[in-house]
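[1] From the sequence below, what's the structure:
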Amino acid sequence: MEIVGIDVGFGFTKAFNGTNSVIFKSIIGDSTDIQFNSSLGGDDSASNLHVTLDGESYFIGNYAEQQSNVREFTLDQGKLLSDFVRILAVTAAGVCCENKTSLNVVSGLPVGFLKRDYKRFADQITGRHEITFHNQGGKDVTKNIHINKIHMIPQPVGSIFNMIMDDKGRIKEKALSMQKLGVVDIGFRTTDFSIFDHLQYVERSSTTMDTGISKCFSVISSKLRQESGVNIELYRMFKFIESGMVKIRGREYNISNLKKRVYTHSASAIATDVNRLWEEDWDIDTIILSGGGSMELAEFLRPQIKGNVIPVANGTDARLNNVKGYLKFGKYKWGHTETPASSETEKTVKTEKKKPSDKQPDDTAPENNGEPKDEHKDEHKGAKGLAWLKGSRV
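    Numbers count the residues shown, from 1 in each chain. All right, here's what the predicted structure looks like:
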């Protein structure tokens, strides 16, 4: 049994199985015949995601953005669950995992959506899936994947697990695990605030706000539309934001100063939310910034948050913090399983109708009847505080 962490976000879909990780934009497009393929720009097949799932063919991520006539992208939670989750999650699992793989999956949802949507999410991907990857100029690869069990947790908790656990799901940072930790997880559409106190999730201090990085993109896009008359889709803003320069119909627009003003305002709004929500939690030891949006906003946000804020580490991709934590928690919950032997080191691939069957007993329903039995008690001494989460399904 293999364990994989999967995170289907509004901006990006991420997956990690301990050996392979993948990131691609959460865009789905119609497939079309490509009459000419050029390898002049490199031949990274994972950046050209063309898949067939349950008889339907799709372009995914950057490939959809570049080649599809009809592209779908959403900031609506209901639509994400109904139209995107199955396709994106199974594609991510297929990229990371081998053929005929049986998987246990750990995933997460924003705090504000977890209780309402955890079962709907799980129902979309639990069961057997056959997915074919169509490779440019190469042989099609078909994989049969059985998603056996799914465990859903509050999304930002993954970042805490990533910090305090080792790769086998054992508590390595015992001093940190005994602290009161806050997480500010800035995603594309939402920002999640969560507190973990001595490994206990604090519900009253955890919530979801609609203050993700997409609001910054929207403001910048609107300004560009006023100046140029061209409406830039939000999912196309990433590369322009990074460079600080947009070329529209041959004319260059420098957005560096605009970006700084917008980011400063957005960081102020998030900091105000944090400081108000955690006003009574003055005993927080450490605050962690996580999520893809934190890479953009950290320098503007840190000075405005009251408390000991851990900076985003240089050279790390904060978009993977949660999904790596999901995997580590999966190792804690189900026990360590060996990852595929094809590589001893992590390989990262960055790319920009519901039909579950043969489902196993539901591993997602909440349990609130006291602390469950810890099956790995002897292996995880010092981690007793996690027992409630290990047995619960939300």
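[2] starting at the chain centroid, how far to the helix or strand Arg276 falls within?
    If you go by DSSP states H and E, Arg276 is part of helix 256-277. Between the centre of helix 256-277 and the centre of its host chain there is 22 Å, according to Cα atoms, centre = their mean, to the nearest Å.
[3] And stretch 311-331, by the same measure?
    9 Å.
[4] and if you look at stretch 87-98?
    Computed by Cα atoms, centre = their mean, the separation of stretch 87-98 from the middle of its chain amounts to 13 Å.
[5] With stretch 143-156 instead?
    Distance of stretch 143-156 from the chain centroid (Cα atoms, centre = their mean) equals 13 Å.
[6] what comes up buried for it?
    143, 145-156 (16 or more other Cβ atoms under 10 Å). All C-beta spots, glycine's among them, are computed from the backbone N, C-alpha and C.
[7] What's the mean pLDDT across that stretch?
    Stretch 143-156 shows a mean pLDDT of 94.
[8] now stretch 279-288
    95.
[9] what distance separates the start and the end of that stretch?
    For stretch 279-288, the first and last residues are 17 Å from each other (Cα to Cα, to the nearest Å).
[10] Make residue 1 into 15 and carry on from there
    Shifting the count to begin at 15 puts that one at stretch 293-302.
[11] coming back round to it: what is the nearest of the buried residues of stretch 157-170 to Met251?
    Gln169 (22.6 Å; Cβ to Cβ).
[12] thought the closest one was touching Gly122?
    Yes - using Cβ atoms under 8 Å, Gln169 is in contact with Gly122, at 3.7 Å.
[13] anything in contact with each of those two?
    Asp21, Leu128, Asn336 (Cβ atoms under 8 Å, 6 or more residues apart in numbering).
[14] What's the separation between the first one and Ile178?
    Using Cβ to Cβ, to the nearest Å, one obtains 19 Å as the distance from Asp21 to Ile178.
[15] Check Asp47 too.
    49 Å.
[16] what about these two, which has more around it?
    Ile178 (24 against 4; other Cβ atoms under 10 Å).
[17] For the stretch 265-408 of the chain, which segments count as helices?
    270-291, 306-315, 335-348, 401-405 (DSSP state H, counting those that start in this stretch).
[18] and those as CSV, adding mean neighbour count?
    Formatted as CSV, those follow (neighbours: other Cβ atoms under 10 Å):
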stretch, mean neighbour count
helix 270-291, 16
helix 306-315, 22
helix 335-348, 26
helix 401-405, 19
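[19] Present these as a markdown table; the columns should include distance to Lys153.
    Listed next are these as a markdown table, based on distance: least, Cβ to Cβ, whole Å:
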| stretch | distance to Lys153 |
| --- | --- |
| helix 270-291 | 44 |
| helix 306-315 | 34 |
| helix 335-348 | 29 |
| helix 401-405 | 42 |
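[20] mind checking which of those helices is nearest His64?
    Nearest to His64 among those is helix 335-348; the distance by Cβ to Cβ comes to 23.3 Å.
[21] and the angle from that closest one to helix 306-315?
    With axes from the mean of the first three to the mean of the last three Cα atoms, to 10 degrees defining the directions, helix 335-348 sits at 120 degrees from helix 306-315.
[22] And helix 335-348, how far out from the chain middle?
    For helix 335-348, the distance to the chain centre is 13 Å (Cα atoms, centre = their mean).
[23] Show me what it is packed up against.
    For helix 335-348, the elements it packs on are strand 16-22, strand 26-30, strand 115-123, strand 155-168, helix 171-178, helix 401-405, judged by 3 or more Cβ pairs under 8 Å, 6 or more residues apart in numbering; DSSP states H and E.
[24] Check which helices and strands the first one is in contact with.
    It stands for strand 16-22. Counting by 3+ Cβ pairs under 8 Å, 6+ apart, strand 16-22 packs on strand 26-30, helix 99-110, strand 115-123, helix 335-348.
[25] and the shortest one, what other elements does it pack with?
    Okay, so that is strand 26-30. Here strand 26-30 touches strand 16-22, strand 34-39, helix 99-110, helix 335-348, going by 3+ Cβ pairs under 8 Å, 6+ apart.
[26] Now tabulate those in TSV and tack on mean pLDDT.
    Listed next are those as TSV, based on pLDDT from 0 to 100:
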stretch	mean pLDDT
strand 16-22	96
strand 34-39	93
helix 99-110	96
helix 335-348	94
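[27] so which of these gets nearest Val198?
    helix 335-348 (11.7 Å).
[28] Now do the closest one against helix 171-178, angle only.
    Going by the same axes, to 10 degrees, helix 335-348 makes 80 degrees with helix 171-178.
[29] Got the confidence number for Ser257?
    So, for Ser257, pLDDT stands at 87.
[30] right, I mislabeled it, should have said Leu334
    At Leu334, pLDDT is 90.
[31] Pull the residues that contact the helix or strand containing Val233.
    In this structure, Val233 sits in helix 227-242 according to DSSP H and E. Contact with helix 227-242 is made by 24-25, 89, 200-203, 244-248, 251, 255, 260, 262-263, 265, 267, 269, 272-273, 276-277, 280, 306-307, 310-311, as judged by Cβ under 8 Å, 6+ apart.
[32] do the same with stretch 246-257
    Stretch 246-257 has contacts (Cβ under 8 Å, 6+ apart) with 25, 39, 41, 79, 87, 89, 228, 231-232, 234-235, 238-239, 260, 262, 269, 273, 310, 366.
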